[in-house]
Each structure stands twice: as structure tokens, then as C-alpha cells.
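*Asks:* pasting the sequence and the predicted model now:
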Amino acid sequence: MSEQKPVAVIILNWNGEKLLREFLPSVIKTTDTKIADVIVADNGSTDNSVAIIKTEFPSVKLLKFAENYGFAEGYNRAIAETNYKYTILLNSDVETTTGWVNTLFEYMEDNPNVGACQPKIRAYHAKDTFEYAGASGGFLDKNGYPYCRGRVFATVEKDNGQYDSIIPIFWATGATLMVRSQLYIDAGGLDKDFFAHMEEIDLCWRILLKGYQIMVVPQSMVYHLGGGSLPASNPRKTYLNFRNNLLLLHKNLPDSTRNKTLFRRRLLDTIAWAKFVATLDFKNASAVWRAHCDFRHMRKAYTQHPDIDLLKTRSDCHRNILLDYYLKGRKTY
């Protein structure tokens, strides 16, 4: 696929014909065709997705994969097969608004030191409220817990314009992530070992280590349905979150601090496990246990580590959100 425009808006799809019909019209309507192509990368769907794209959305470009490669590898293959200066990874359950691409594109063009950015993310079914998985920019605390400007743990704030400034962040949500395509490739893309959850944080960490900034540009806004795959209480989600958070720290922390940070996290995870046991939630307790067991095996594949501890060197990583949230009662960003 030859380069015609600077931006590729790539939507990864697998058996998502309902979501395509619901959300793709807004993407087509609000995406400036002078600067961006809308592309659906189909992960070997067995429903009518491909036929729907061809007949109902003829302006959309189509990449067809023979099988389901998952989120990370699907995007890795899609970006490898396209040739655009910028790529926007856009979830199939996102409603976009007028000018959303232009705002992000112009910001990236004006700021070559920025490797990736995200818009402000509001909830699709509560449009005055931030969306859990991205809000107005993502951060990590000193223990490696992710939180957002607009969401801390399960507390999600209403958007009253309090987070409309453009600021550096630690990670941009994978629901709507704009990245320099060559930088994405140079940084190694999304890690397919994560399968789901936190793979975009891992990518953003590697982009930061390359000396680029990650930004939130709230003047661009989208609405994300979210939560469609796994609810927060699902043991599978618990497993992936605990396992991938450990992998995230193991991969991206230097030898000098990695073991100490992981030891502290394991103690905190033990408390979480004990809480599940005490409340007779044995499925989630088992998920935490399996996460730690599998992490011990998976970490052996990662032998290269950076020299810099971003959790120590970045001022936005000095919070302890567990302490703030549960002991001090600070429920907001």
C-alpha cells in the first residue's frame, strides 16, 4: 500500500460487524480525507465484517489477514504493511468528533520531539464523563500502578474542562493512540506476549526511553465504549492485569532498581490476594496466584534492560496512589 497521505487511521477488527456498523460511520464522517486514510485491518473474521466493509463502507481501505493475530501482532502486521508517516491505532468501539485527526496531526507536525499522543477520551454511554481506559492522559506511580488524569483506580471523574491543558504524560491509551510509524517499528511495536492490557504502556515506556515525549492533546476528543471484552471483576482480566504489570516493570526497569521495585510490588500483590481470599473471591485470588507463577516463567525471555529508571527520574511518577486513594482519601488526579 503506497503512501498517499500522512496519516493512517487503522481499526483492528475481529468478528466486529455490529461495532463496525455502529462506530465506523462517525470515523468516516469526521476524518479529514485530505490527510488521513481510514483502514480496517481484519484479523481473520468469520462473520460478515469483510463483506460489510466492501459493500457499506467502500471508502475504507481493507487489510485482510488469514487468521486472528490478536491486538498486538495484528497492529504490528498492519503497520508493517502500510507506509504512512503517522498511524492512529483506533479501537473499533470509538466514536470520533469533527477535527479529531487534524488536531492531533497538526500537533505532531509542530512538535518533532513528541513520539506519540492521544486525544481526550470520554465515555460513550456517559458523554460528560471521562472514559476509564485513557481519560485525559495516563501515568504510572512509584510502584508502577497505572492511573489517568481523570481516573484513579475505579473512580472516574466528570469532565468539566479541568484537564484540558496539553501536557506530557507517561502513556497514551491504545484506544486512540497516534504514533510516528517508523518510531513504532524502531521501538519494537506492541509486545504480543502481553496478549491484552498494558501493552500500550509498555510501548510508550520504550518510546520515552528513546528520548521522545508522550502527550495528551485534549482539544481532540473521542468517545470510547470500552469494557466490551472483559468486565473489571472478571478473573481473566485480573490475571492479565497482575501478570502484565509485573512484566511491564521487569522489562523496563534497570538492574539497579528492578528487583527492589518488583519485591515491593509482590508484597502489595500479596495483600490484594489476601483481600480476595478474605472476601471468599477464590477465582480472583487464584488469578493473582497464576499471574505470579506465569510471570516467573515469562520473565526469562527478557534479558535486555535499560539503564534509566523512569519511575525515579520522572517527577510525574513520584505519587503513591495506593496511599493517596485508600488512606488519604484522594480519589481524583
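*Replies:* Now that the structure is in, tell me what you want to look at. Residues are numbered from 1 along each chain as shown.

*Asks:* how close does residue 219 sit to residue 102?
*Replies:* According to Cβ to Cβ, to the nearest Å, residue 219 stands 10 Å off from residue 102. To be clear about C-beta, it is placed using only N, CA and C from the backbone, and glycine gets the same treatment.

*Asks:* mind listing what residue 314 touches?
*Replies:* Contact analysis of residue 314 by Cβ atoms under 8 Å, 6 or more residues apart in numbering lists residue 170.

*Asks:* let's have the chain start at 518 instead
*Replies:* Let's use 518 as the start, then, which means that last one is residue 831.

*Asks:* what ranges do the helices span in the stretch 568-717 of the chain?
*Replies:* 587-598, 617-627, 698-703, 716-726 (DSSP state H, counting those that start in this stretch).

*Asks:* what's the most buried one of those helices?
*Replies:* Sort those by mean neighbour count, taking mean count of other Cβ atoms under 10 Å, and helix 716-726 sits at the top with a mean of 23.

*Asks:* what's in contact with it?
*Replies:* Under the contact criterion Cβ under 8 Å, 6+ apart, helix 716-726 has outside partners 588-589, 606, 632-633, 655, 657, 663, 687-691, 694, 696, 700-701, 704-708, 711, 731, 761, 764-765, 768-769, 823, 825, 827.

*Asks:* which helices and strands does the top strand by length along the chain pack with?
*Replies:* As assigned by DSSP state E, the longest strand anywhere in the chain is strand 730-741. For strand 730-741, the packing partners by 3 or more Cβ pairs under 8 Å, 6 or more residues apart in numbering; DSSP states H and E come out as strand 611-613, helix 617-627, strand 631-640, strand 684-686, helix 716-726.

*Asks:* and the second one, how far out from the chain's middle?
*Replies:* Relative to its parent chain, helix 617-627 has a centroid offset of 19 Å by Cα atoms, centre = their mean, to the nearest Å.

*Asks:* next up, phi/psi of the residue nearest in space to the middle of the chain, please.
*Replies:* Taking Cα atoms, centre = their mean, the centroid of the chain lies closest to residue 691, which sits 2.7 Å from it. The phi and psi values for residue 691, taken as degrees, to the nearest 10, are phi -70, psi -10.

*Asks:* from residue 835, how far out is it?
*Replies:* 25 Å.

*Asks:* pLDDT below threshold where in the stretch 518-667 of the chain?
*Replies:* Filtered on pLDDT under 70, the stretch 518-667 of the chain yields the residue ranges 518-520.

*Asks:* show me what the next helix or strand after the longest strand of the chain packs onto, helices and strands only.
*Replies:* Beyond strand 730-741 on the C-terminal side, the first helix or strand identified by DSSP states H and E is helix 752-769. Packing partners of helix 752-769 (3+ Cβ pairs under 8 Å, 6+ apart): helix 716-726, helix 772-795, helix 799-815.

*Asks:* tell me which residues in whichever helix or strand comes after the last one are buried?
*Replies:* Stepping forward along the backbone from helix 799-815, the first helix or strand reached (DSSP H and E) is helix 827-830. Along helix 827-830, these residues count as buried under the neighbour rule (16 or more other Cβ atoms under 10 Å): 827-828.

*Asks:* ok, and what's touching stretch 702-715?
*Replies:* 586-590, 592-593, 596-597, 663, 691, 716-717, 719-720, 723-724, 727, 746-747, 754, 757-758, 761-762, 764-765, 768, 815, 818.

*Asks:* how long is it from one end to the other?
*Replies:* Criterion Cα to Cα, to the nearest Å; first-to-last residue distance in stretch 702-715 is 18 Å.

*Asks:* related to what we said a few turns ago, and the residue nearest to the centre of the chain, how close does it get to residue 828?
*Replies:* According to Cβ to Cβ, residue 691 and residue 828 sit 21 Å apart.

*Asks:* which residue ranges make up each domain of the protein?
*Replies:* Following automatic domain parsing, one gets these domains for the chain: 524-741, 752-844.

*Asks:* looking at the ones you listed, which is closest to residue 850?
*Replies:* Of all the domains of the chain, domain 524-741 sits nearest to residue 850, with 4.7 Å by Cβ to Cβ.

*Asks:* now the phi/psi pair for the nearest residue to residue 847 once chain neighbours are set aside, please.
*Replies:* Using Cβ to Cβ, 6 or more residues apart in numbering and skipping residues adjacent in sequence, the residue nearest residue 847 is residue 841, 4.1 Å away. Residue 841 adopts backbone torsions of phi -60, psi -50, taken as degrees, to the nearest 10.

*Asks:* ok, residue 841 - how many residues close by?
*Replies:* Neighbours of residue 841 under the rule other Cβ atoms under 10 Å: 17.
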